[in-house]
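Asks: Would you be able to build a 3D model of this:
(one chain, ligands or ions: 1)
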Amino acid sequence: MNLRFTKMHGLGNDFVVIDAVNQRVALNPDQVRHLADRHRGIGCDQLLLVEPATDPAADFRYRIYNADGGEVEQCGNGARCFMRFVHDQGLTAKRALTVQTLAGPIALRLEDDGQVTVDMGPPRLEPAAIPFQAPARAPVYSLEVEGQEYTIGALSMGNPHAVLTVEDIDRAPVATLGPRIEHHPRFPNRVNVGFMQIDAPDHIHLRVFERGVGETRACGTGACAAAVAGRLQGRLDARVRVSLPGGDLVISWSGEDASVFMTGPAVSVFEGTLQL
Ligand SMILES: N[C@H](CCC[C@H](N)C(=O)O)C(=O)O
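Replies: Numbers count the residues shown, from 1 in each chain. Predicted coordinates for the structure are as follows:
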């Protein structure tokens, strides 16, 4: 099977993007893992498929696979690259799209400056919707990890997120605590783990240990989750600049059932053909 692909990234969170509108694509988890492998494959954090919509109200369907081969519900940086891809590949001339995802529809808009704004939909705050085992919804939860108590925010952007606040982002225990929380039994579907340093009510630094990948240069849904968690804790404004290792995103959320909006860049790096 020969497959055309484009290598893209959103602030260094990198993707293999495949047109599954004009190509018949059937990849199993082993093949996804192989393509994501940075030594034996192309290398990426996630693989994204652009498919025809099955919902008449949507323009396309967007499927997301982590480097570990697992299909997941949502990817924010990938959504911006999705918009750039369908334009560059001539799949649409529209500058505003509705795209189906496992987490429900999202809306994409290509801005005049080339950045992309995504309506990520509302955060899901009820423990059962995350999913996270807790007796009731709360702005913060106590989580025991190997005998030590941590205070976390927990919510879903369609995909699950835990958010810890740290004093010094450069010294955050991302590599050691990240995987332990990713696999914590109270998160039955595992979880993405954000480490947030609050610099001001409208500015944070963030690092994310992503479910199914490890630490990435940026995480769009992680930036949304951190902004929501910080606002629920009364520490962040409705509009926050999120500085990730790969660059900045602007996140806006007016509260409760309102959508979370994310604006940032999307870059195509190269095109190629896979032999599978
Ligand atoms: N690792 C995530 C999927 C990709 C999210 C991230 N790359 C983004 O930009 O939102 C998960 O397992 O839910």
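
Asks: Please identify the helix or strand for the closest residue to residue 99 other than its chain neighbours.
Replies: Using Cβ to Cβ, 6 or more residues apart in numbering and skipping residues adjacent in sequence, the residue nearest residue 99 is residue 62, 4.7 Å away. C-beta here means a position set from N, CA and C on the backbone, and glycine is covered the same way. Element membership for residue 62, per DSSP states H and E: strand 60-66.

Asks: Quick one: residues in contact with that strand.
Replies: With Cβ atoms under 8 Å, 6 or more residues apart in numbering as the test, strand 60-66 has contacts from 20-21, 27, 29, 32, 36, 45-55, 71-75, 78-79, 82, 86, 91-92, 97, 99-102, 106, 210-213.

Asks: Buried among those? Need that as a selection in PyMOL.
Replies: Command for PyMOL, covering only those of these found buried under the criterion 16 or more other Cβ atoms under 10 Å:
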select buried, resi 20+21+27+32+36+45+46+47+48+49+50+51+53+72+73+74+75+78+79+82+86+91+97+99+100+101+106+210+211+212+213
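
Asks: Which members of the contacts of strand 60-66 additionally contact the ligand?
Replies: When contact is defined as Cβ under 6 Å from any ligand atom, those meet the ligand at 45, 46, 72, 75, 78, 210, 211, 212, 213.

Asks: Excluding covalently adjacent residues, which one is nearest to the fourth one?
Replies: When you say that, I think you mean residue 75. Spatial nearest neighbour of residue 75, excluding adjacent residues (Cβ to Cβ, 6+ apart): residue 64 at 4.5 Å.

Asks: Please flag which of the ones next to the ligand among the contacts of strand 60-66 sit within helices.
Replies: Members of these lying in helices (criterion: DSSP state H): residue 78.

Asks: Mind telling me the two of the ones next to the ligand among the contacts of strand 60-66 farthest from one another?
Replies: 78 and 211 (14.0 Å; Cβ to Cβ).

Asks: So, low pLDDT: which residues of the chain?
Replies: The model of the chain has no residue with pLDDT under 70.

Asks: Could you chop it up by domain?
Replies: Domain ranges of the chain: 2-119+266-275, 127-258, per the TED database.

Asks: Show the end-to-end separation of the longest one, please.
Replies: What it means is domain 127-258. Start-to-end span of domain 127-258 (Cα to Cα, to the nearest Å) is 18 Å.

Asks: Would you quantify the distance from the residue nearest to residue 75 to residue 14?
Replies: Applying Cβ to Cβ, to the nearest Å, the value for residue 64 to residue 14 is 13 Å.

Asks: again with residue 158
Replies: Note on residue 158: its distance to residue 14, by Cβ to Cβ, is 20 Å.
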